[in-house]
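Chemist: show me how the following folds:
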Amino acid sequence: QVRLVESGGGLVQAGASLRLSCAFSGGTFSRYSMGWFRQAPGKEREFVISIRWSGDSTNYGDSVKGRFTISRDNAKNTVILQMNSLKPEDTGLYYCAAGSYIYDPPNYNYWGQGTQVTVSS
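Modeler: All right, here's what the predicted structure looks like:
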């Protein structure tokens, strides 16, 4: 069973950077596309960014283009979300998700528990 564990969240000021990590276990990491989603209080879950299982394609939510990047390390079974120039509206619970390479676009059917990111103004 695939298991995802996020880490790296915290409280930062606007303009700062944070690096979130997602540790993958219980499957063949290189066969999964990985995504990050976030949910703010009272709002629906929002797509943030993703990277294809092959590592050759990334997708970005409009609100994070130019500020966030995603990378994967298949040797460490880890996906990294680098967040720069953070804004208060980036505040939320950030979830890591995994979807099998069989589906394109991915069907994210594995989710982590989330890590909280709070950006103060």
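
Chemist: the most centrally placed residue in the chain bridge partners, please.
Modeler: Nearest to the geometric centre of the chain sits Trp36, at 2.5 Å (CA atoms, centre = their mean). Judged by DSSP bridges, the bridge partners of Trp36 are Ile49, Cys96.

Chemist: okay, it: pLDDT?
Modeler: pLDDT recorded at Trp36 is 98.

Chemist: which residues are in contact with Gly8?
Modeler: Contacts for Gly8 (CB atoms under 8 Å, 6 or more residues apart in numbering) come out as 18-21, 115. Backbone N, C-alpha and C define where each C-beta goes, glycine included.

Chemist: separation between it and Gly114?
Modeler: 12 Å (CB to CB, to the nearest Å).

Chemist: ok, now Pro41?
Modeler: Distance from Pro41 to Gly114, by CB to CB: 13 Å.

Chemist: compare the two (neighbour count), which wins?
Modeler: A count of neighbours by other CB atoms under 10 Å puts Gly114 above the other of Pro41 and Gly114, at 17 against 7.

Chemist: can you pull out the helices in this protein?
Modeler: Along the chain, counting by DSSP state H, no stretch forms helices.

Chemist: quick one: low-confidence parts of it?
Modeler: Within the chain, no stretch has pLDDT under 70.

Chemist: where do the strands sit along it?
Modeler: Remark: strands assigned in the chain by DSSP state E are 3-7, 10-13, 18-25, 32-39, 46-51, 58-60, 68-73, 78-83, 92-100, 110-111, 115-120.
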